[in-house]
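Undergrad: Generate coordinates for the sequence data below:
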Amino acid sequence: MNKLILVFFILISGCTSTTLKTDSDVTRKQLVILPEFMALSMANQGYQEAKQKAQENDQLNKDTYTLNEIRKISYRLIDEVRYFRDDATSWNWEINLQTSDQINAYCMPGGKIMVYTGLLDKAAKTNDEIAAVIGHEIAHALREHGRERMSTALIQQVGILGFAIFISDSSQNRQLKNLAVQGVALGTTLFFALPNSREQEREADKIGLELAARAGYNPLAAVSLWRKMDELKEVEPPEILSTHPSNENRIEDIQKHSEKIMHLYEENKIRFN
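TA: As a prediction, the model looks like this:
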């Protein structure tokens with residue numbers, strides 16, 4: 001009975017919206033039962049490993065000018081995260097550039113951003129388009145989609161009762177507890193391997209567009225960006241699409257939401273001119 005009560009409270013406490021309601025009106029309740037400190041620890045470990053591998057391959061931050069431009073754009077976006085969640089302003093943000101033909105970028109939980117030069121060379125060629133991509137990736141981090149995916153995967157692996165045992169102090173059922181530990185150890189792999197759901201993509205599109213608009217970047221640039229992504233799918237499928245599924249209605253939805261929040265862009269662009 002005590003275990004069932006624990007399961008009940010885990011489920012109730014794990015259902016929450018990770019961001020505040022804004023013009024984008026993203027308010028879905030999320031199941032994020034994996035403790036935040038675990039998600040952050042795994043994300044930081046994965047990011048440091050990715051940096052180390054890039055460094056060993058002489059691929060990390062080779063183009064100082066481009067790196068500085070990417071960081072300028074990123075920090076303008078980061079300045080606006082307060083509209084979505086106050087705690088994100090104090091995250092230990094980090095932005096790096098990896099020399100690679102991959103058309104990709106990501107922002108791990110806690111604000112660890114990596115941009116690949118292939119994205120800049122083949123798709124995001126203007127500051128507005130770069131802001132669209134990075135804003136989208138930051139939005140995933142703000143909504144804690146990575147933690148949400150890892151929570152779901154962990155429950156599928158060990159069950160909610162196994163997760164309850166894992167986070168409890170109980171010494172019972174060691175075998176199940178060890179299995180849960182193994183599930184957590186897969187967290188970094190799951191972050192990179194598991195695709196976002198269509199709903200998560202819609203949320204990241206909306207919040208990312210609003211971030212860009214508030215930072216003085218034209219949100220309509222996302223339309224041209226994703227059109228190029230769709231064209232590239234036919235000859236060179238972008239790596240970013242492996243975890244960011246698209247569909248025939250996405251560009252239309254981006255267009256509509258961009259028009260809805262254009263007033264934010266018009267109000268804020270004068271700050272940066």
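
Undergrad: Just the terminal-to-terminal distance for stretch 233-251.
TA: One end of stretch 233-251 sits 14 Å from the other (C-alpha to C-alpha, to the nearest Å).

Undergrad: Tell me the spacing between R227 and G208.
TA: To G208, R227 is 16 Å away according to C-beta to C-beta, to the nearest Å. Glycine gets a C-beta too; all of them are placed from N, C-alpha and C.

Undergrad: what about the strands in the stretch 1-150 of the chain?
TA: Here the stretch 1-150 of the chain has its strands, by DSSP state E, counting those that start in this stretch, at 15-16, 30-31, 94-98, 105-108, 112-116.

Undergrad: Tell me which of the ones you listed lies nearest to S197.
TA: Smallest distance to S197 across the strands of the stretch 1-150 of the chain (C-beta to C-beta): 10.8 Å, for strand 30-31.

Undergrad: In its sheet, which strands sit next to that closest one, and in what direction?
TA: strand 15-16 (antiparallel) (DSSP bridges).

Undergrad: Find the nearest non-adjacent residue to A88, please.
TA: V81 (4.2 Å; C-beta to C-beta, 6 or more residues apart in numbering).

Undergrad: these two touch, right, the one you found and L142?
TA: Yes. At 6.2 Å, V81 and L142 qualify as touching, with contact defined as C-beta atoms under 8 Å.

Undergrad: Between these two, which has more neighbouring residues?
TA: Using other C-beta atoms under 10 Å as the criterion, V81 and L142 rank with L142 on top: 27 against 24.

Undergrad: Could I get the pLDDT score of A105?
TA: Looking at A105, its pLDDT reads 96.

Undergrad: ok, now L179?
TA: pLDDT recorded at L179 is 47.

Undergrad: could you pull out the helices for the stretch 1-150 of the chain?
TA: Here the stretch 1-150 of the chain has its helices, by DSSP state H, counting those that start in this stretch, at 2-14, 36-56, 64-78, 117-122, 127-142, 145-167.

Undergrad: among these, which gets the worst mean confidence?
TA: Mean pLDDT is lowest for helix 2-14 among the helices of the stretch 1-150 of the chain, at a mean of 43.

Undergrad: Let me know which of the strands of the stretch 1-150 of the chain is the nearest to R250.
TA: Comparing those by C-beta to C-beta, strand 105-108 comes nearest, at 17.2 Å.

Undergrad: so G216 touches N268, yeah?
TA: Yes. At 4.6 Å, G216 and N268 qualify as touching, with contact defined as C-beta under 8 Å.
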